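In: Kindly return the folded structure for what I paste below:
(2 chains)
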Amino acid sequence: MEEYRALFLAEARDYLQGMTDHLLHMEKDPGDAAHLTEVFRSAHSLKGMAGTMGYNLISGLTHKMETLLDSLRGGHTKVETEMVSLLFEAVDLVQLMVNNLDRQADYTETVLELEHKLLAWLDREPGLEPVPVKQNINQLAVKDPDKGTSGGGSQTFNKDVQNFNEYEKEMLKDAMLKGKSILHIHVRLLEGSLLKAVRAYMIYKAVEDQGDIIKTEPCMPELEEGQFERDFSLFVVGLPDHDELRRSIEGISEVEKVHVVPLVPDWEPEMEIAATAAVFVSPEGDTPAISTADLPLEQEHQPPSTSDMANRLAIPRDNKEKAPTLARAAEKTVRVETAKLDILVNLVGELVINRTRVLELGKGADKELLEGSLEQLKRITNDLQSAVMTLRMFPIKQVFHRFPRMVRDLAIGQNKEVELVITGEDTELDRTIVNQVGDPLVHLLRNAVDHGIETPEERKAKGKNPAGRIVLEAHHEGSHVVVSVSDDGKGIDPEAIKKKVLEKGIVSSQELEIMNGSELVNLIFRSGFSTSETVTDISGRGVGMDVVKTSVEAINGTVELKSEIDKGSHFVLRLPLTLAIIHALMVKAGNEIYAIPIEAILENIFVEPDEIRTVNRDRVITLREEVLPLSSLSESLGMGTFKQRKMYPVVVVRAGNKKAGLIVDDLLGQQEIVIKSLSKFVDGIRGIAGATVLGDGRVALILDVATLLEDGRVIIGKESSHH
Amino acid sequence: MSMTENSGTTEVQMVAFKLENEEFAVDIHQVREVLKMTQVTPLPQSAHYIEGVINLRGEVIPVVDLRKRFELSEEKCNDQTRIIIVEIMDNDVGLIVDSVTEVLRFPSSAIQPPPTRIAGTRTDLIRGVGKLENRLLIVLDIEKILSTEEIIALDEITLGDKVEQ
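Out: Just a heads-up that it's a prediction; the model follows:
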């Protein structure tokens, strides 16, 4: 059961996400029936799954959603913001229940209340008859041949079929398409039957010999353990003669009654058409070239709405991008445990280390053969490395997908009109980064809606489109991914920032004077800064941009802001593709080797002793007319003392706007290193980001330049404002 | 402490090691493996008894010098020196000891709780005392010893003559 539950959780989340996405589209473009179809489909699948798992509250609620959606499909109800909000409310509630599967009962009241609201929406439409509940796709009605004897059985059967999971429904549909018969065999055992499980098994066997059993109710394990009162059902495919079947079952002792009912499909094939049509809609917007006659089964039961649907599909589309997204892309992905991936990454890391080692050994030998095979080894490991790294890569979509809903809700809450445009959502980056980039983006988007976009009135007054526009964009740039958030709102006023930072004492007025516009605007990333005049519910709690900056820097990224008054603000996040392997400069200091991440390095220089001056007991040099303080790396780490030499190799590093020169003993060159975290036991050492294993098996520590410069152990200078 | 049912009598297995002239023991279930001394990369800004980190098949593991932990004089490592990899709180940590003597089996009756109220002994850091013929092994509570920042001197965790009346 546990594994099904995990599967249910995963799939339920997918369906909920699907509903959210398509609800948003549907709201934006009510004329496009395909989105409605997708919402309906997701709700329906979710209902089925929840039913199978026995989560009746979820299946009940999704059922009511379906009813409302169905009425939309039939054209009885119109798409309205309020109604979409109601549906969103339902999605949220289902999400809540999915997240708390063990506490379903707690939600009973809330669910009933919401169900009531959903149905009330239907009643509220005057002059329109409420749409009967049973108009669901895939739903099979029972045509009972010997009426009367079943005594209201068809209702129960309807419910049974409703509980079929997707797979079972597929089998049913398949059987129907192939013209095979489907029988529902209902068996009642004698009262007081002692060997219920054995009887059930015997009946199961007898039926199995003649046809394919696709489902039992209760499920097989329960039947085998006798966990049922007196009744159970079998659904069988491919049995031509049910009289013979009945007789053979009646021949088994302790059977009181056998009821064999053929199931006759009464389902509406329109969903299939819609889904298929969506795939074939040509970008030009031609009427989909699909004849409904191609589909079997529909002649008799062709629902009135089919032609309706086809008509709506024929509406020319202006948005050419839409068609492919509608085709419900079977997820071409596998869910893999991150832990397993980590092991793989670790192994490859080792392989890379060994490669380096073998290459080093090979330097001594002059055999061509050795070199050849080494070259091969190099190629393989490179390939393997990139293949494995892609396993950890996930499209940034996973973060982006929740934003349309969020922006919609925020905008409605503030009576603003905001259009969110997302591009490059397929850009892939490391899972860890995908997971961690969400929060800063939430902050930025909230800020854009809150403080960036003006109210429609203000915008009109400024001669802008009353609807604001926020563009969320991602793309690759070398070994980085660039994510930007731009709005066309009021922008940031450098003068307001000046006032604020002086007020809060973040920067002195002398410092302010030498700052240019861009530097001024970027002051909003300083901690303790918040430009919001009115503290709203969402942002402006005094923690703001500095949190964004900190969390982006935590994943080795940078954030920058460009802003122009009344034109808008443009935030640019640069993120590394992965955190597992980085480029680093290896340096020697004392007896140890350290790795300095390339991103933190500005340049390497060699300094002669007579270039070094002493200012306030600090060693400094003048580098291109700028004063650069020098610190010995060993000394700063507390691992040794500064030694006089004829020539000092210096690595110029920076973090934020801080800059420092680190004197090392030797520069060993650049290489790719696999980052290993330090054990929790010795975690959190300031100045050390982690460790890596060198070609000879030794451990080298990776410097964390940001914390090293923060602690004051390294003398720092400020990066020049003009370069 | 691990107990093995063995035809009525319970038995525990311990890895015995030496520091200075004292014999100590850790529960074998805590021990992952025992290594010969290897190259240790020192860690800046950490407690003086943390010797540094080592590479154990691609994993970076911190090692603690138990001599330094118990304020003993520094000793050059020799071919007897061992690193015992123990698992504490889901982390692997290496312990540098003077030597690892053997794996001992005790009847559980031979291990007694640490004697209470002995002046100058931190019995809270001791899980028990194992008596085997004329040997006396102190079973350390490694977790406690490594999770406290307090200075612990060797004679605080040994019993010396105190138990033999």
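In: where along chain B do the helices fall?
Out: Secondary structure of chain B (DSSP state H): helices at B:66-69, B:142-147.
In: Would you mind checking the average pLDDT for the first one?
Out: Per-residue pLDDT values over helix B:66-69 give a mean of 90.
In: That one: how far from the chain's middle?
Out: 10 Å (Cα atoms, centre = their mean, to the nearest Å).
In: Only C-alpha atoms, please: export that helix in PDB.
Out: Once non-C-alpha atoms are left out, helix B:66-69 reads as follows in PDB (Å, rounded to 0.1, in the frame of the first residue of the first chain):
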ATOM      1  CA  LEU B  66      42.400  11.200  21.200                       C
ATOM      2  CA  ARG B  67      45.700  12.000  22.800                       C
ATOM      3  CA  LYS B  68      45.100  15.600  22.200                       C
ATOM      4  CA  ARG B  69      41.500  15.300  23.300                       C
END
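In: Nearest to chain A, out of the helices of chain B?
Out: helix B:142-147 (7.4 Å; Cβ to the nearest Cβ). C-beta coordinates here come from the backbone N, C-alpha and C atoms, glycine included.
In: Averaged pLDDT, that closest one. What do you get?
Out: Helix B:142-147 carries an average pLDDT of 84.
In: before we move on, what about stretch A:164-176?
Out: Rounded mean pLDDT across stretch A:164-176 is 71.
In: Next: stretch A:248-256.
Out: Per-residue scores along stretch A:248-256 average to 77.
In: Buried residues of that stretch, list them for me.
Out: By neighbour count on 16 or more other Cβ atoms under 10 Å in any protein chain shown, the buried set for stretch A:248-256 is A:Ile249, A:Ile252, A:Glu254, A:Val255.
In: The third one is in contact with A:Glu191, isn't it?
Out: No - in terms of Cβ atoms under 8 Å, A:Glu254 does not count as a neighbour of A:Glu191; the distance is 9.7 Å.
In: Which SSE is immediately downstream of the helix or strand harbouring A:Glu360?
Out: Following DSSP states H and E, one finds A:Glu360 within helix A:338-364. Using DSSP H and E, the helix or strand that follows helix A:338-364 in sequence is helix A:368-391.
In: That following helix: what's the following helix or strand?
Out: Immediately after helix A:368-391, counting by DSSP H and E, sits strand A:393-395.
In: as a whole number, average confidence for that following strand?
Out: Mean per-residue pLDDT for strand A:393-395: 82.
In: same thing with stretch A:75-91?
Out: Throughout stretch A:75-91, pLDDT has a mean value of 83.
In: got a list of contacts for it?
Out: Outside stretch A:75-91, the residues within contact range by Cβ atoms under 8 Å, 6 or more residues apart in numbering or on different chains are A:16, A:19-20, A:23, A:26-27, A:30, A:39, A:61-62, A:64-65, A:68-69, A:71-72, A:114, A:117-118, A:121-122, A:125, A:128-129, A:131, A:305, A:308, A:405, A:409, A:412.
In: Hmm, A:Ser479 is touching A:Leu575, no?
Out: No - using Cβ under 8 Å, A:Ser479 makes no contact with A:Leu575, being 10.2 Å away.
In: Okay, now the unreliable bits of the stretch 401-550 of chain A?
Out: Low-confidence segments of the stretch 401-550 of chain A (pLDDT under 70): A:527-544.
In: hmm, 80 instead?
Out: Along the stretch 401-550 of chain A, segments meeting pLDDT under 80 span A:431-432, A:435, A:478-479, A:496-497, A:500-501, A:503-509, A:511-512, A:514-522, A:524, A:526-547.
In: Show me where it has its strands.
Out: Secondary structure of the stretch 401-550 of chain A by DSSP state E, counting those that start in this stretch: the strands cover A:418-423, A:428-430, A:468-477, A:480-487.
In: what's the shortest one packed up against?
Out: Contact partners of strand A:428-430 among helices and strands, from 3 or more Cβ pairs under 8 Å, 6 or more residues apart in numbering or on different chains; DSSP states H and E: strand A:393-395.
In: which residues touch residue 60?
Out: Since no chain was named, I'll use chain A. Contacts of A:Gly60 (Cβ under 8 Å, 6+ apart): A:Val111, A:Glu115.
In: that's the wrong chain, I meant chain B
Out: B:Val60 makes contact with A:Lys676, A:Ser677, A:Leu678, A:Ser679, A:Gly690, A:Ala691, A:Val693, A:Val699, B:Val53, B:Ile54, according to Cβ under 8 Å, 6+ apart.
In: my guess is the first one contacts A:Val693, does it?
Out: Yes - assessed by Cβ under 8 Å, A:Lys676 is found in contact with A:Val693 at 6.8 Å.
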